[in-house]
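# Here is my input; please provide its structure:
(one chain, ligands or ions: 1)
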Amino acid sequence: MDKDPSFLFSGIAFNRKKFAGDFARFKEIKKSDDSEELLLEYKKPEVEAVEKPVKKRKRKGSVSDHVEGFSVFKRSKTELVLEENDETEKAPQRKKGLHIQIERDAIFRKKHNIHTSGSNIPSPLQDFSELKSRYECKPYILRNLAELGIKEPTPIQMQAIPILVSGRECFACAPTGSGKTLAFVCPMLLKLKRASKDGVRAVILCPTRELASQTYRECKKLAKGKKFYIKLMTKQLVNTAEFSKVPCDILISTPLRLKFAITKRKLDLSRVEYLVLDESDKLFELGLLKQVDAVVKACSNPSIIRSLFSATLPDTVEELARTIMHDAVRVIIGRKNSASESIKQKLVFVGSEEGKLIALRQTFEESLNPPVLIFVQNKERAKNLYEELKFSDIRVDVIHSDLPQLQRENAVDNFRAGKTWILIATDVIARGMDFKGVNCVINYDFPDSSSAYIHRIGRSGRAGRRGHAVTFYTEADVRYLKNIANVMKVSGCEVPEWMLSLPKQKWRKHRPKREFK
Ligand SMILES: Nc1ncnc2c1ncn2[C@@H]1O[C@H](COP(=O)(O)OP(=O)(O)OP(=O)(O)O)[C@@H](O)[C@H]1O
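Next up, the predicted model:
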């Protein structure tokens, strides 16, 4: 392997200046014992040439440029393909037809704030009924959607579903609570068609156990009435005798458990046809990267379709994704890395650590509109704040990674059921958790990054509902305030001008732990 870490994977040049932070991180990884192995993993397996390669279009502003210099044919009922030099008689007619279609798609995408890049992007889905007309979707999916009260596709579903059903890879960034789960589960069910006992066929990786079990439940709901083998990778499952022979169409897991299953239980993932990395930027962080890497490597089927989903997709992750994916389509809904516009965000100055508890009690006295989620910096802080609040007449609970699994599950279930009014949490549930109707998120401790902020407050204001977010800041937090103020401004919230004109301050990872006062 090339000794120069500025070259990652198959000789793709890495812009050292632009990605200086990540360059340093990869240098660090390289220094560790098994680094050589790790860097190699992200090579996309060669895909057999089963069809004529499609010439890449030049990237230009207007969508109608997609067809410039190409002629067009219909590969299947569902897919339009551009091919150069189609000289048949009907070519001009087809080309004109496609131009019209492309213009229509462009208008539709603009209306729904869908931004795409890539070649030959399938038309967005305007209505769920098109699942049947375009993709011969079986009635059970439509029936389940209706039962769940899901009538219209959200923008991410409009675009990601046709991309994935057409067998294209995709990386997608859409706001919190905008229905990304359905956007990757629905095409998976459509493509898998029926249950099989031929080994694992699809894998969904989630960064936390809570999110994995929520995704599992969502899969089951959408697959109701069809006997798919859908499995959640639990400790129990992994310890089952003959574990690797348990039939499984869709496997949902955290990276650590799946890596354990691959290495210790010899789980074979070589037949996996679909791999989803949910909350992909989190999965690509250093703490999980090694395990994710092992999973990506184990999913060695050359025609695998990979997709990445998150509400935040840093350029560095995109860059990395490009090196592992094949002709992927990029889908961004609204503005990249921005908070959901349905959340009313507010910043509250509390002076010092002491001021936080006073401000919190005052907030509750003025109006307590449960359910409320309170985020703190770490588990010690979570335990301490819980001790402060547990004797008040408020129904409060706490969740952090030190608790036994059952207690973590109970905390989530009770909050979901409305038995708990206030849940104190660390970032362990900041990602992906879908609590219906959280009225307010309070950032008791200032978040560690803009993406942590976006995900935390995104537990509120989901699926078109309105939500609130309050962030406490102390003197010590002022240096990072501009970052949050910028996020707020982009999502349409009012921010005092002085905050926006503060000097730019990069987030410092591993900030000193706060003392509880
Ligand atoms: N088309 C739809 N119409 C109405 N509700 C929907 C639709 N699709 C999904 N939902 C609901 O929206 C909620 C949020 O969906 P989901 O959890 O998939 O969001 P997400 O985009 O993955 O959020 P996050 O970024 O926080 O993970 C869920 O309760 C889901 O049932």
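# Now do the strands in the stretch 101-250 of the chain.
114-117, 170-173, 202-205, 230-232, 250-253 (DSSP state E, counting those that start in this stretch).
# Redo these as CSV? Include mean neighbour count and mean pLDDT.
From N, CA and C alone the C-beta is placed, and that goes for glycine too. As requested, those are arranged in CSV below (neighbours: other Cβ atoms under 10 Å; pLDDT from 0 to 100):
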stretch, mean neighbour count, mean pLDDT
strand 114-117, 17, 96
strand 170-173, 27, 96
strand 202-205, 27, 98
strand 230-232, 21, 97
strand 250-253, 26, 98
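# Out of these, the one nearest residue 498 is which?
strand 170-173 (30.3 Å; Cβ to Cβ).
# could you dump that closest one to CSV, C-alpha only?
Extracted C-alpha coordinates of strand 170-173, given in CSV (Å, rounded to 0.1, in the frame of the first residue of the first chain):
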residue,chain,number,x,y,z
CYS,A,170,-27.1,6.9,-2.7
PHE,A,171,-25.9,9.2,-0.1
ALA,A,172,-28.6,11.4,1.4
CYS,A,173,-28.8,14.3,3.8
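# what's that strand in contact with?
156, 159-160, 163-164, 180, 183, 280, 307-313, 318, 321, 325, 328-333, 336-337 (Cβ atoms under 8 Å, 6 or more residues apart in numbering).
# In strands, which of those appear?
307, 308, 309, 310, 329, 330, 331, 332, 333 (DSSP state E).
# farthest pair in these?
Between all members of those, the farthest pair (by Cβ to Cβ) comes out as 310 and 329, at 15.4 Å.
# Compare neighbour counts for these two and give me the winner.
Shown here are residue 310 and residue 329; by other Cβ atoms under 10 Å, residue 310 has more neighbours (27 against 24).
# Let's see the ChimeraX selection covering just the buried ones among the contacts of strand 170-173.
The ChimeraX selection below is limited to those of the contacts of strand 170-173 classed as buried (16 or more other Cβ atoms under 10 Å):
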select :156,159,160,163,164,180,183,280,307,308,309,310,311,312,313,318,321,325,328,329,330,331,332,333,336,337
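# Read off the pLDDT value for the residue most central in space within the chain.
Taking Cα atoms, centre = their mean as the criterion, residue 310 is the residue nearest the geometric centre of the chain, at 2.4 Å. At residue 310, the model reports a pLDDT of 97.
# So in terms of bridging, what pairs with it?
residue 173 (DSSP bridges).
# so who does it touch?
172, 173, 180, 278, 279, 280, 281, 282, 317.
# Quick check: residue 387 vs residue 380, distance?
11 Å (Cβ to Cβ, to the nearest Å).
# typed the wrong thing, it's residue 283
On the measure of Cβ to Cβ, residue 283 and residue 380 end up 26 Å apart.
# Looking at those two, which is more packed in?
residue 283 (24 against 16).
# Tell me who's in contact with that one.
Neighbours of residue 283 in contact, by Cβ under 8 Å, 6+ apart: 205, 207, 255, 277, 289, 292.
# Check residue 332 too.
114, 115, 116, 172, 173, 174, 313.
# Output the ones in strands among the contacts of strand 170-173 in CSV; the columns should cover distance to the ligand.
As requested, the ones in strands among the contacts of strand 170-173 are arranged in CSV below (distance: Cβ to the nearest ligand atom, whole Å):
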residue, distance to the ligand
307, 13
308, 13
309, 7
310, 7
329, 18
330, 17
331, 12
332, 13
333, 9
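# pLDDT weak spots in the stretch 1-150 of the chain?
Counting by pLDDT under 70, the stretch 1-150 of the chain has low-confidence residues at 1-87.
# ok, which residues in the stretch 401-517 of the chain are in contact with the ligand?
432, 434, 458, 462, 463 (Cβ under 6 Å from any ligand atom).
# Can I get the buried part of the residues you listed as one ChimeraX selection?
What follows is the ChimeraX syntax for the buried subset of these, where burial is set by 16+ other Cβ under 10 Å:
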select :432,434,458,462
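# Go through the residues of the stretch 401-517 of the chain next to the ligand and name the one nearest residue 363.
residue 458 (20.1 Å).
# What distance do you get for the spatially closest residue to the closest one that is not a sequence neighbour to residue 412?
With sequence-adjacent residues excluded and distances taken as Cβ to Cβ, 6 or more residues apart in numbering, residue 458 is closest to residue 176, at 2.5 Å. Note on residue 176: its distance to residue 412, by Cβ to Cβ, is 17 Å.
# Who has more neighbours out of those two?
residue 176 (27 against 21).
# which residues does the residue of the chain positioned farthest from its centre contact?
Within the chain, the residue lying farthest from the chain centre (Cα atoms, centre = their mean) is residue 89, at 45.4 Å. Residue 89 makes contact with no residue, according to Cβ under 8 Å, 6+ apart.
# Secondary structure element holding it?
Counting by DSSP states H and E, no helix or strand carries residue 89.
# Pick out the residue of the stretch 1-150 of the chain closest to the ligand.
The ligand sits closest to residue 150 of the stretch 1-150 of the chain, with a gap of 4.3 Å, by Cβ to the nearest ligand atom.
# okay, now the closest residue to residue 246 other than its chain neighbours: neighbour count?
Excluding the flanking residues, the one nearest residue 246 by Cβ to Cβ, 6+ apart is residue 240, at 6.4 Å. Using other Cβ under 10 Å, residue 240 has 12 neighbouring residues.
# In CSV, list the C-alpha atoms belonging to the longest helix belonging to the chain.
As assigned by DSSP state H, the longest helix anywhere in the chain is helix 91-111. Taking Å, rounded to 0.1, in the frame of the first residue of the first chain, the C-alpha atoms of helix 91-111 are listed here in CSV:
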residue,chain,number,x,y,z
ALA,A,91,-34.5,8.8,-31.1
PRO,A,92,-35.5,12.5,-31.6
GLN,A,93,-39.0,11.8,-30.3
ARG,A,94,-37.7,10.0,-27.3
LYS,A,95,-35.1,12.7,-26.6
LYS,A,96,-37.8,15.3,-26.7
GLY,A,97,-40.0,13.2,-24.4
LEU,A,98,-37.2,12.9,-21.9
HIS,A,99,-36.4,16.6,-22.1
ILE,A,100,-40.0,17.2,-21.1
GLN,A,101,-39.8,14.7,-18.3
ILE,A,102,-36.5,16.1,-17.0
GLU,A,103,-38.0,19.6,-17.0
ARG,A,104,-41.0,18.4,-15.0
ASP,A,105,-38.7,16.6,-12.6
ALA,A,106,-36.7,19.7,-12.1
ILE,A,107,-39.8,21.8,-11.3
PHE,A,108,-41.0,19.1,-8.9
ARG,A,109,-37.6,18.9,-7.2
LYS,A,110,-37.4,22.6,-6.8
LYS,A,111,-40.8,22.8,-5.3
